[in-house]
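Chemist: I'll drop the sequence and a predicted model, then ask my questions.
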Amino acid sequence: MSSENDSEMDCSDSDCGDPGYEDYYNIQPWGGEVDNDVDPEQNRRDPEYAVCDCLRVEEVERLLNESVEVLSNSLHITPSLAKVLLHAHNWALQDIVTKYRSNASSLLINSKIKPTLEQVPGSKSQKGGLCSVCVTISPADRFSTLTCGHSFCKDCWCMHFEVQITQGISTSISCMAQDCDVLAPEDFVLSLLAKPNMRERYQQFAFCDYVKSHPQLRFCPGPNCQIVLRSKEQRAKRVMCSSCKTIFCFRCGMDYHAPTDCNTIKKWLTKCADDSETANYISAHTKDCPKCHICIEKNGGCNHMQCYNCKHDFCWMCLGDWKAHGSEYYECSRYKENPNIAHESVHAQAREALKKYLHYYERWENHSKSLKLEEQTLEGIKMRINNKVMNASGTWIDWQHLFEAASLLARCRYTLQYTYPYAYYMESSPRKELFEYQQAQLEAEIENLSWKIERAETTDRGDLENQMDIAEKRRVTLLKDFLEV
Amino acid sequence: MANIAAQRIKREFKEVIKSEEIAKCAIKVELVNDSLTELKGEIAGPPDTPYEGGNFVLEIKVPETYPFNPPKVRFITKIWHPNISSVTGAICLDILKDQWQAAAMTLRTVLLSLQALLSAAEPDDPQDAVVAKQYKEHPEMFRQTATHWTFVYAGGPAKMPDLDDKIRRLTDMGIEEHNARVALSSYNWDLERATEHCLFS
Ligand SMILES: [Zn+2]
Ligand SMILES: [Zn+2]
Ligand SMILES: [Zn+2]
Ligand SMILES: [Zn+2]
Ligand SMILES: [Zn+2]
Ligand SMILES: [Zn+2]
């Protein structure tokens, strides 16, 4: 790991900023157009970047069928059994071939294609007779036998499949016989299902199962979106659906969460949901000015507040003097643990734990709110600029840098928001100190940027662009040092 | 009712009637209506358990999709058991959920499985969290409570005078008897906490 000075130095002006500042977290700055010209050099340096394709259903089917065909040809099995094998082994084709060559029978048993040895039914080839499910006698041609040797009448198989499909089950439908967990492969199911709508639903559910078991594929989590994203890296990277523009983490499918990892963010979100009652009181939109005690409402995203009454500059989060925040080392984001807590009573420890959680939760929640408030600020700026342009005071191009600034602010604040769960679960260590140092630096620059954007029309353009540059550098430095994907 | 379901139930009904368990009075099944969609089951509490000597009545509803879906079964008789709700009689048992197998399971195997459940609870997969906690943390208290419930609701043989006394203390305060029993059972027969619960919640 490089020190923060080194990484800042090798991050020259030309490769740090994203030239387009395209919509990072669903903010569409400029009529929604997206710059798709990717600069390979920049991507290599961007710790969040992943190579990723957006595929339509037909393209995914083609991709899956290629694997099915290769496996079915090399093992001389039906495509349908090849699918069962691939699904059971997360589409690790080479792995399956190796296992098959070394011990075919154990592979087929483990993949639930053949029954375990104890339960091999005595080779009772059905010559017609009593179906033990419907207790009805039928001729031999009314029976079907699964790969395990268990035989039931066709109507019963069909009913069994329909009941399972109605419950959303497809690739995991198993035999009806006692203690038999052999799976019904696709061709067996489809040969017995009569109703077209049932066949269709079965195929849809099976397709979902195949995509979910394929480590390189992930459904776009966007509402009603059919796109499947493919990344060979299979890592917790930021990806965007080219169709609905949803941005998410490729590995877990949730909102992108760097620098926090997938498990930690899941733990954090569960904790926040569980403790929502406790944390509710925080959501207040008003606080009292720490100097003149007049009630102040927060209506912008910036946490650098100025009291409209006494003009005191203070921090919304900790209510401390803002002057202390701008300085080299500021303590607002850091939680100071009680060093003697181990010797305190259980009650005091519980209180301390809650205090610690609330510290991080409050900041997490506050930045999330700021993101939304800053979106509103952006809307306001758009309207004002529109008026200016209408009154022939400059063109849209003259004001474009403002939208770029707002978009960059959103990306920085988003990353900052996700540094809080990361810090919450971090053990006290020199590394945590370094993390909190960088977090504080990022936070300070973000608030400076937000302050300048809210006063955009009176801010010098060069000054604003300089501030954008500094904020993005802080963000990339933190990610480079702490993002483990 | 679907043809297959009716066919199967008729046959399974006969199977129970003819079974050796019925001869030993361990299980029983009766028709509730002519349509075969609902039956009444009965199991005897197994020996060497707090349920011994009790008779437990079950409601068995046969779905249209039987035997491809399991029957819906619940206890009508109130019972104190980790896998059975003390309030609704709902049962947590894998074969009545995703482990049901159309070709293998019948009314007879369901009743015998439930009887086996009374002998061997699975507190790690509970239906009633309060009972499961008591089962794990205060096994003797659990045994007494379950025996008491068997006596009161299932015609069991063992009267528990100590427990009856505590219930009377609450009923004397105007609390309904079953509510008093539930509160005391849930609070490990701590009279003070049970009183507080009944009066202030
Ligand atoms: Zn089978
Ligand atoms: Zn049949
Ligand atoms: Zn999408
Ligand atoms: Zn993730
Ligand atoms: Zn003030
Ligand atoms: Zn502060």
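Modeler: Ah, there it is. Ligands and ions are numbered 1, 2, ... in the order given.
Chemist: My guess is B:Thr88 contacts B:Ile76. True?
Modeler: No: counting by CB atoms under 8 Å, B:Thr88 does not reach B:Ile76; the two are 10.5 Å apart. In short, each C-beta sits where N, CA and C put it, glycine included.
Chemist: Looking at the two, which has the bigger crowd around it?
Modeler: B:Ile76 (14 against 11; other CB atoms under 10 Å in any protein chain shown).
Chemist: Could you pull up the residues touching the more buried one?
Modeler: Shown in contact with B:Ile76 (CB atoms under 8 Å, 6 or more residues apart in numbering or on different chains): B:Val57, B:Leu58, B:Glu59, B:Gly89.
Chemist: Among these, which pair sits farthest apart?
Modeler: Farthest apart among the contacts of B:Ile76 by CB to CB are B:Val57 and B:Gly89. That separation is 9.5 Å.
Chemist: intersection of neighbour lists for the two?
Modeler: B:Phe75, B:Ile76, B:Thr77.
Chemist: ok, so of these, who is nearest B:Pro139?
Modeler: The closest of those, once distances to B:Pro139 are taken by CB to CB, is B:Phe75, at 21.7 Å.
Chemist: Okay, the closest one and B:His81: tell me how far apart.
Modeler: Look at B:Phe75 and B:His81: by CB to CB, to the nearest Å, they are 8 Å apart.
Chemist: for A:Val97, phi and psi?
Modeler: phi -60, psi -40 (degrees, to the nearest 10).
Chemist: Can you show me the strands along the stretch 251-400 of chain A?
Modeler: Counting by DSSP state E, counting those that start in this stretch, one finds strands in the stretch 251-400 of chain A at the ranges A:286-288, A:295-297, A:304-306, A:313-315.
Chemist: brain fart, the stretch 51-200 of chain A
Modeler: Using DSSP E, counting those that start in this stretch, strands in the stretch 51-200 of chain A cover A:53-55, A:129-131, A:136-138, A:143-145, A:151-153.
Chemist: Repeat that for chain B.
Modeler: B:27-31, B:38-44, B:55-61, B:72-75 (DSSP state E).
Chemist: could these go into TSV alongside mean neighbour count and mean pLDDT?
Modeler: Output for the strands of chain B, formatted as TSV (neighbours: other CB atoms under 10 Å in any protein chain shown; pLDDT from 0 to 100):
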stretch	mean neighbour count	mean pLDDT
strand B:27-31	17	89
strand B:38-44	20	94
strand B:55-61	19	96
strand B:72-75	19	96
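Chemist: quick one: low-confidence ranges for chain B?
Modeler: B:1, B:23, B:25, B:201 (pLDDT under 70).
Chemist: Name all residues that make contact with the residue nearest in space to the middle of it.
Modeler: Centroid-nearest residue in chain B: B:Phe75, 4.3 Å away (criterion: CA atoms, centre = their mean). Neighbouring residues of B:Phe75 by CB under 8 Å, 6+ apart: B:Phe56, B:Val57, B:Leu58, B:Glu59, B:Ile84, B:Gly89, B:Ile91.
Chemist: show me the contacts for the single nearest residue of the stretch 201-350 of chain A relative to ligand 1.
Modeler: Here the stretch 201-350 of chain A gets closest to ligand 1 at one residue, A:Tyr202, 19.2 Å apart by CB to the ion. Listed by CB under 8 Å, 6+ apart, the contact partners of A:Tyr202 are A:Phe161, A:Ile165, A:Ser170, A:Val189, A:Leu190, A:Leu193.
Chemist: And the pLDDT for it?
Modeler: We have a pLDDT of 97 for A:Tyr202.
Chemist: which parts of the helix or strand hosting it are buried?
Modeler: Assigned by DSSP states H and E, A:Tyr202 belongs to helix A:196-213. Under the neighbour-count criterion of 16 or more other CB atoms under 10 Å in any protein chain shown, helix A:196-213 has A:Met198, A:Arg201, A:Tyr202, A:Gln203, A:Phe205, A:Ala206, A:Phe207, A:Asp209, A:Tyr210, A:Val211 buried.
Chemist: How about the second one, nearest residue that isn't a chain neighbour?
Modeler: I take that to be A:Arg201. A:Ile165 (5.5 Å; CB to CB, 6 or more residues apart in numbering or on different chains).
Chemist: and that neighbour, how many neighbours?
Modeler: Residues near A:Ile165, counting by other CB under 10 Å: 23.
Chemist: Thought A:Arg199 was touching it, still the case?
Modeler: No: counting by CB under 8 Å, A:Ile165 does not reach A:Arg199; the two are 9.1 Å apart.
Chemist: List just the nearest of the shared contacts of B:Val57 and B:Gly89 to B:Ala129.
Modeler: Nearest member of the shared contacts of B:Val57 and B:Gly89 to B:Ala129, counting by CB to CB, is B:Phe75, at 17.0 Å.
Chemist: For the residue nearest to that closest one when sequence neighbours are not counted, give me the backbone phi and psi.
Modeler: Spatially, and ignoring its direct neighbours in sequence, B:Phe75 is nearest to B:Gly89 (3.6 Å; CB to CB, 6+ apart). Here the main-chain torsion angles of B:Gly89 (degrees, to the nearest 10) amount to phi 80, psi 0.
Chemist: Can you give me the domain assignment for chain B?
Modeler: B:3-119, B:129-200 (automatic domain parsing).
Chemist: What's the end-to-end length of the longest one?
Modeler: Chord length of domain B:3-119, first to last residue, is 36 Å (CA to CA, to the nearest Å).
Chemist: swap in the last one?
Modeler: For domain B:129-200, the first-to-last residue distance is 22 Å (CA to CA).
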